[in-house]
Every structure is written in structure tokens, then in C-alpha cells.
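> Fold the stuff below for me.
(chains A and B)
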Amino acid sequence: MEKPLTQHIVPSRAPLSLKEYEKVGGYQSVRKILKEMTPQEVQALVKESDLKGRGGAGFNTGLKWSFVPMGPDAATPKYLVANADEMEPGTFKDRVLLEGNPHQLIEGMIVAAYAIQASISYVFLRWAYKVAAGEITKAIQEAYDAGYLGQNILGSGFNLDMHLHTGVGRYMCGEETALLNALEGKRANPRAKPPFPQVSGLFGKPTIVNNVETLCCLPHIINNGAEWFKGLGLTADAGTKLFGVSGRVKTPGCWELPMGTTIREILEDYAGGMQDGYLFRGLLPGGASTDFLVEEHLDLPMDYPSIQAAGSRMGTGTMIIMDDQTCPVGFTLNLQHFFAQESCGFCTPCREGLPWVERILLAIDKGEGKPEHLLTLDFHTKYLGPGNTFCALAPGAMEPLQSALKYFREDFERHIHEHHCPWSKAKAWQPSI
Amino acid sequence: MLTAEEKHQIDHEISLVPAPKNACIEALKIVQQNHGWVSDESLKDVADYVGMSPAELDSVATFYNLIFRRPVGRHVILLCDSISCYVMGYEGIKEALHNKLNIQYGQTTADGRFTLLPNCCLGTCDCAPALMIDNDLYRNLTVEQLDEILNKYT
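Okay, the predicted model is just below:
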């Protein structure tokens, strides 16, 4: 099984130095594009490969790039940003790539920057990834010293600077326009679209923001071609994907597997199945903002269309397992507390609606719920859904809520009828501060 | 007053962006690195230096949970309270920390040694529960390990 993204990552060992990385074929894609390909050819190849954004949205990467103005009349400087602000609860896949092989990310960023003719690039890294910050700082310096970054890269006339920017918290920074505001030294509120960042992004200039895993796919697509990449997937979706599992399984972890590997295979063959004494009840397939899937969905392939057809989203591809000893109301409350806390407060439905949802769930969890509370929650899943808020935070928050109300409604009703949490032997969850 | 070294570091950040105010978050980080937090006085100094009003800069500073606008202890404990750590029982760690340190979230121990804060997902969900103290990450936590971990910090 080919594992292009993680083939040179050994968890117990320091990442490859630039010299070691070059020995295993590192930076070949940079040499290739600078010598043999126009930016438009790189865009076309990546579009043809059907690489979809690995941050959760699943949009065709080459197509995303194609909206950047090109040619001598395009505004400059253009920017490329690696979104390394991994903060979706339950998600820990980019950490593997950042800590394990920073040169692969830098190589991918050079490819992306060349494709859109960006001359300045940023790694927007979340503050908590201290090890990654050290490794990336070192790797960027090595890349400058070797002439892969800076002016006139490898004598091609192409220039690219790269900076590491570490954040100071807030989930909102993962949203690409909010991330750009944070990079500009502002509150990380999202921006209205249009204009899209491709036209008016960082400092009002054409900008592309790509997820770390997306960028790490690029060198391999350049080196091996679009057909090879498409052939890696088991289903219609292209490539490999970093899948992760957390919760009460025997061996939680993160694995690079073909796109389209079934949920059951990931859960049983890689995560080792449930821990003894715990039964599976449901899972969030790709982070906190994805709809629950349950037993009947376990044979679904993990790819974008299959998970979407089942009413959820593949999101980041890192699953969170809910076991039978975890209260579904408490689980949902924990998620909604997170979203209420992380709302940027800019638009009213999100700022006011999410705390309302949290208070109702807290009341139900404490045994103070009323039957009409479930209707109020149902109402919120519609009114905080897509199209009613400024960005995707509240609609994302509603995904696990609406599916919890669908699949675990009896558990919610038991809390209300029995006036206490049936799981209350476990301590009731208390929101922070 | 900003020190010469702080000004030097902030000047470097300003050189990378179109306008000085674009470097304001970096400037706040530099001040916090030296003082542990951002006092009203420091906020005003930074605002003056990058050409913003203190109110405008405070609107930025208070947006970000890791810019501290109140004094913190010598070490800050950030306990992950997100979903994977919830499933794996972070509340037990929380209770133990409350009892051992005799502080609640948002408080600092009387000796100024620790501040305890909740934090969103630390991105190490396969090793939950997890917490960070300063720059150090601790994973697969059990209550029994806490004394040994806390004792590393003076």
C-alpha cells in the first residue's frame, strides 16, 4: 500500500533534514516545475488529479487556485498561506505531518506558490504545536540556505519568501478569511465573500489558503502524475487520506490509508476495535462539526461523496467515537459549549443562539429539561443552519446536534422524563468558567 | 515602557507587514513573553508604538484567549476540555488539579506558581486526556501522574 505522505515519517525519530530529504527524492517536484512546467500547467495537473481540500471543505484544489488572477496585470504581491491552525476538536492529523516531515510541507508550499505565482508565503501554525514550530523554523532556514526559498530560486527567476506565524488561540482562525484577519493583526472575524481571497485576500492582495495535508500531497502529484494520484483511492475519490480515531478504542491513532477505506476497517483493523467493556454507539467522522454516524454506516467508504450521502461530512477524516458509557447529552453539551465559546460574536444568530443551545442542553443534562426543550433544540438546528449565519461555525455546530437528536432522541427524552442523567454515575460535565 | 530589545523585536515584525498596526498581535506576544501578561500600561505602550488607540488594540488583545490581560502565575496549566478528552475522562484530572492546587479555572495559586485554565482541543486526541504546562505537552494523563508533573515546575 502506497503511503506517499507519511513514508518518511518515523514517530520516534527526528524529521528528515534537508539533505536526508533530498536523498529520498525531496524537492524534485520543485526542480521539475521550475524547469519544465508553466504555472498554468501546474494548476491544470492538480485540477486533473482531483485533489480535494483536506481541511474539511473538500473543494478541488486546482479549481480553487484557478480563480487567482494571473498574468502581468494581476495585483502583487500574491500570497500563499498554509493553514496549520488545526483546532477542530478530535483532529490531530496535521500535527503528524508538521512534526514528522516539515520539508514535505515546504516543498508543497513552493509548488502551490509557483502555481499561483505568489511571492510571499506564511505557515499559520497554532500556538500549541511547539515541537512543530521548532522543526518548521529549522526547515525553513535550511530551505533558504539551499536556495529553495528566497530570490531567483534555482536560477529560475521565481522568488518566494516564507514566514512562520504562530497564533494566539481561537478556533475561528481556522476559517480562511478569519485567518487572514488574524494575520493582518485584527480580530479573527470572518469576512464577507465575495470578494473571495483569491482576488482580495491578505492585505487586499490575491491569496490562497490551503490546508497542510492538501499541500503535502502536491509534490507527489507533480512527481507521479494525476492518474497515479487518482489510482491511490479505492473509490471515485483520489489519493490517500490521513484518518484518525480517538475515544474508547484499543489503539487510537492516525494512519495514512487509501481514500475510500471503510469506517469499519479503520475502526477494527487500525484502531483495534472498542476497548473491553465498552460498546460502540456512534461516531463523528471528521471532527466536532460533522453529523453523527451510527452502526448502520460502518461499512461506508470514507470518501467525500459517500459520507455526504449518509447525511454527514468527511470533514478532517479524524473520527471521534462515542461509547455506551458516555452520555449522548453530555457529549453534545461538550460540543456545543465549545462552539458557543468559540463563536467570534460577530453575527447575532451564532452569538446568541449557541449559548441558548448550551443552556438548554445543560438543563437537560442536570435533569431539569422540559419536553418542549427538544423542540427548541430542533428549531435551532434550522435557524442556525446554512444560510442564516455569517460563516460556517454555527451550521457546523448544528451538525452533531441535529444528528444526536435524530439518533439518540430516546436518550434525551429519558433525561427529561426521569429528571436526571441516566449516566450520572459518571460525573456531570460542567462548562468551564 | 517598552525596552530597547522589545522595540527591536517589534521593529522586525513591523518590517514584514505593510503597516505597523498589522504587527500588533506579534507585538503583544513579545511583551507577554517578557512580562507573562499584558498590563494596561503595556497595552498603551504597544498601541502608541504601532499607531493604534488603546481601545482598538484591546479589542484585538481580548479576542485571543492566549493573550493574557490579567496577571498569571509563573506557569500556566492549560487543560484540554474538548470532546476526545471528555470521552476519556478529563474531569477526573480537572477535579484532581482543583484539589491539589486549591484553585478553580481562571485562578492563580496563592504562591503565584500556577494559573489553571481550560483550553480547546490540543490536537493530541489519540493520547487523551492531555494538558500543557507552559511549552510542555503531557498526554495519556492519569491522576496518579499529576504530582510528579507539577513538581517539575517551581
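> Get me the contact residues on the stretch 201-350 of chain A for chain B.
Residues of the stretch 201-350 of chain A lying near chain B by C-beta under 8 Å from any C-beta of the partner chain: A:203, A:244-248, A:252-254, A:284, A:288, A:318, A:320-323, A:326, A:330-331, A:334-335, A:338, A:341-342, A:344. (Glycine included, C-beta is placed from N, CA and C.)
> Identify those among those residues that sit within helices.
Judged by DSSP state H, helices contain the following of those: A:330, A:331, A:334, A:335, A:338, A:341, A:342.
> Identify the residues contacting stretch B:64-78?
Residues outside stretch B:64-78 that contact it (C-beta atoms under 8 Å, 6 or more residues apart in numbering or on different chains): A:127-128, A:167-170, A:188, B:25, B:28-29, B:32, B:36-39, B:43, B:58, B:61-62, B:97, B:108-109, B:112-119, B:122, B:131-134, B:153-154.
> Any idea how far the host helix or strand of residue A:81 is from the middle of the chain?
Under the criterion of DSSP states H and E, residue A:81 resides in strand A:79-84. Distance of strand A:79-84 from the chain centroid (C-alpha atoms, centre = their mean, to the nearest Å) equals 13 Å.
> ok, now stretch B:48-67?
Using C-alpha atoms, centre = their mean, the offset of stretch B:48-67 from its chain centre is 16 Å.
> For that stretch, measure first residue to last.
18 Å (C-alpha to C-alpha, to the nearest Å).
> Got the phi and psi for residue A:120?
Dihedral pair for residue A:120: phi -130, psi 140, per degrees, to the nearest 10.
> And it, how close does it get to chain B?
9 Å (C-beta to the nearest C-beta, to the nearest Å).
> rewinding a little: show residues contacting the next helix or strand after the strand holding residue A:81.
Using DSSP H and E, the helix or strand that directly follows strand A:79-84 along the chain is helix A:93-100. Helix A:93-100 has contacts (C-beta under 8 Å, 6+ apart) with A:5-6, A:8-11, A:15, A:84, A:86, A:104-105, A:125, A:129, A:131-132, A:135-136, A:211-213, A:216, A:242-244, A:254, A:316-318, B:123-124.
> quick check: angle from the strand holding residue A:81 to helix A:93-100?
100 degrees (axes from the mean of the first three to the mean of the last three C-alpha atoms, to 10 degrees).
> picking up where we left off before, between the ones in helices among the residues of the stretch 201-350 of chain A next to chain B, which is nearest chain B?
Using C-beta to the nearest C-beta, residue A:334 comes nearest to chain B of these, at 4.5 Å.
> Could I get the contacting residues of the closest residue to the closest one other than its chain neighbours?
Take residue A:334 and drop its neighbours on the chain: the residue closest to it by C-beta to C-beta, 6 or more residues apart in numbering or on different chains is residue B:86, 4.5 Å away. Residues near residue B:86 by C-beta under 8 Å, 6+ apart: A:326, A:330, A:331, A:334, A:429.
> what residues are up against the fourth one?
Contacts for residue A:334 (C-beta under 8 Å, 6+ apart) come out as A:429, B:81, B:82, B:83, B:86.
> Next, the residue lying farthest from the centre of chain B: secondary structure please.
For chain B, the largest distance from the centre (C-alpha atoms, centre = their mean) belongs to residue B:18, which lies 27.7 Å off. Secondary structure, DSSP: H, G, I helix; E, B strand; the rest coil: residue B:18 is coil.
> nearest spatial neighbour of it, skipping sequence neighbours?
Here the residue nearest residue B:18, using C-beta to C-beta, 6+ apart, is residue A:203, at 5.3 Å.
> With just CA atoms, put stretch A:381-400 into CSV.
Output of stretch A:381-400 as CSV, limited to C-alpha atoms (Å, rounded to 0.1, in the frame of the first residue of the first chain):
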residue,chain,number,x,y,z
THR,A,381,-30.8,23.3,14.1
LYS,A,382,-32.8,25.0,11.4
TYR,A,383,-32.3,28.7,12.3
LEU,A,384,-28.5,28.3,13.0
GLY,A,385,-28.2,26.2,9.8
PRO,A,386,-26.6,27.0,6.5
GLY,A,387,-27.6,30.4,5.0
ASN,A,388,-28.6,32.0,8.3
THR,A,389,-25.3,32.9,9.8
PHE,A,390,-22.2,34.9,8.6
CYS,A,391,-19.9,31.9,8.4
ALA,A,392,-19.9,28.1,8.8
LEU,A,393,-19.3,27.9,12.6
ALA,A,394,-22.9,27.7,13.8
PRO,A,395,-24.0,25.5,10.9
GLY,A,396,-21.1,23.2,11.8
ALA,A,397,-22.2,23.2,15.4
MET,A,398,-25.7,22.2,14.4
GLU,A,399,-24.5,19.1,12.5
PRO,A,400,-23.7,16.9,15.6
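> How about residues contacting that stretch?
Contacts to stretch A:381-400, defined as C-beta under 8 Å, 6+ apart, come from residues A:171-172, A:175, A:177-178, A:190, A:192, A:284, A:288-292, A:312-313, A:332, A:335-336, A:339-340, A:342-344, A:346-347, A:349-350, A:353-354, A:357, A:380, A:401-402, A:405.
> Now which of the residues of the stretch 201-350 of chain A next to chain B would you call buried?
Among those, those scoring as buried are A:203, A:244-248, A:252-254, A:284, A:288, A:318, A:320-323, A:326, A:330-331, A:334-335, A:338, A:341-342, A:344 (criterion: 16 or more other C-beta atoms under 10 Å in any protein chain shown).
> In strands, which of those fall?
Members of those lying in strands (criterion: DSSP state E): A:244, A:245, A:246, A:253, A:254, A:284, A:318, A:320, A:321, A:322, A:323.
> Does the third one touch residue A:321 like I think?
It refers to residue A:246. Yes - using C-beta atoms under 8 Å, residue A:246 is in contact with residue A:321, at 7.1 Å.
> list the residues that contact both of these two?
With C-beta under 8 Å, 6+ apart as the test, residue A:246 and residue A:321 both reach residue B:87.
> and the angle for the strand or helix carrying residue A:114 with strand A:79-84?
Element membership for residue A:114 (DSSP H and E) is helix A:102-116. Angle between the axes of helix A:102-116 and strand A:79-84 is 150 degrees (criterion: the same axes, to 10 degrees).
> Do a quick rundown of the helices in chain B.
All helices of chain B, identified by DSSP H, fall at B:4-15, B:24-35, B:40-50, B:54-61, B:83-87, B:90-101, B:146-151.
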